[in-house]
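Asks: take a look and give me a structure for this.
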Amino acid sequence: MAELGINPAKVCAFIEAAREVAGLSLSTAGDATISGDDSPLATLIEPADGMDPRRREMIAFVAGLDAEEQANLLALIMLGRGDYDIAEWDDALAEAGGLIDERSADFMIGDPTLPGYLLEALEAFGASCED
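Replies: The predicted structure follows:
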């Protein structure tokens, strides 16, 4: 049986912050696409005064997790977007651990579909963010 190595309450807090960050505007400037295109080169437009405080909070949240929790969070994202199913949880964790070692904390942030991925993955573990 798959075992989640991060507290679902932490994931739910991350989901709430991700929902707020997802409200930022997408920019496709400079990637030769039309406005609204969801190409992988799209980036978030942050407020003119610098990085959105919720985005900074999310980066700090991920950076504050230990390596196991970071791997579990990324594996949940991969599970939620359909890269793996719950029966392949150990494989998802192994891949996530390798990716965590190669990247910075903020690579998990900015995808507007992130909250949905995480909610779906939590459901696979029988957990939810409802009180």
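
Asks: rest of the way, CA atoms for contacts and neighbours
Replies: Will do.

Asks: give the rounded mean pLDDT of the helix or strand containing M58.
Replies: Using DSSP states H and E, M58 falls within helix 53-64. The average pLDDT for helix 53-64 rounds to 83.

Asks: alpha carbons of that helix, as PDB, please.
Replies: C-alpha atoms of helix 53-64 as PDB (Å, rounded to 0.1, in the frame of the first residue of the first chain):
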ATOM      1  CA  PRO A  53       4.400  37.700  -1.800                       C
ATOM      2  CA  ARG A  54       2.400  34.500  -2.100                       C
ATOM      3  CA  ARG A  55       4.900  33.200  -4.600                       C
ATOM      4  CA  ARG A  56       7.700  34.000  -2.300                       C
ATOM      5  CA  GLU A  57       5.800  32.300   0.500                       C
ATOM      6  CA  MET A  58       5.400  29.100  -1.700                       C
ATOM      7  CA  ILE A  59       9.100  29.100  -2.500                       C
ATOM      8  CA  ALA A  60       9.900  29.400   1.200                       C
ATOM      9  CA  PHE A  61       7.400  26.700   2.000                       C
ATOM     10  CA  VAL A  62       9.000  24.200  -0.500                       C
ATOM     11  CA  ALA A  63      12.500  25.200   0.600                       C
ATOM     12  CA  GLY A  64      11.500  24.600   4.200                       C
END
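
Asks: list the buried residues in it.
Replies: In terms of neighbour count (16 or more other CA atoms under 10 Å), helix 53-64 has its buried residues at 55, 58-59, 61-62.

Asks: same check, this time on stretch 114-127
Replies: Under the neighbour-count criterion of 16+ other CA under 10 Å, stretch 114-127 has 114-122, 124 buried.

Asks: pick out the most distant pair among these.
Replies: Spatial extent of these (CA to CA) is set by the pair L114 and A124 at 15.6 Å.

Asks: got a pLDDT number for the residue most central in space within the chain?
Replies: The centre of the chain sits closest to M108, judged by CA atoms, centre = their mean, with a distance of 4.2 Å. Looking at M108, its pLDDT stands at 72.
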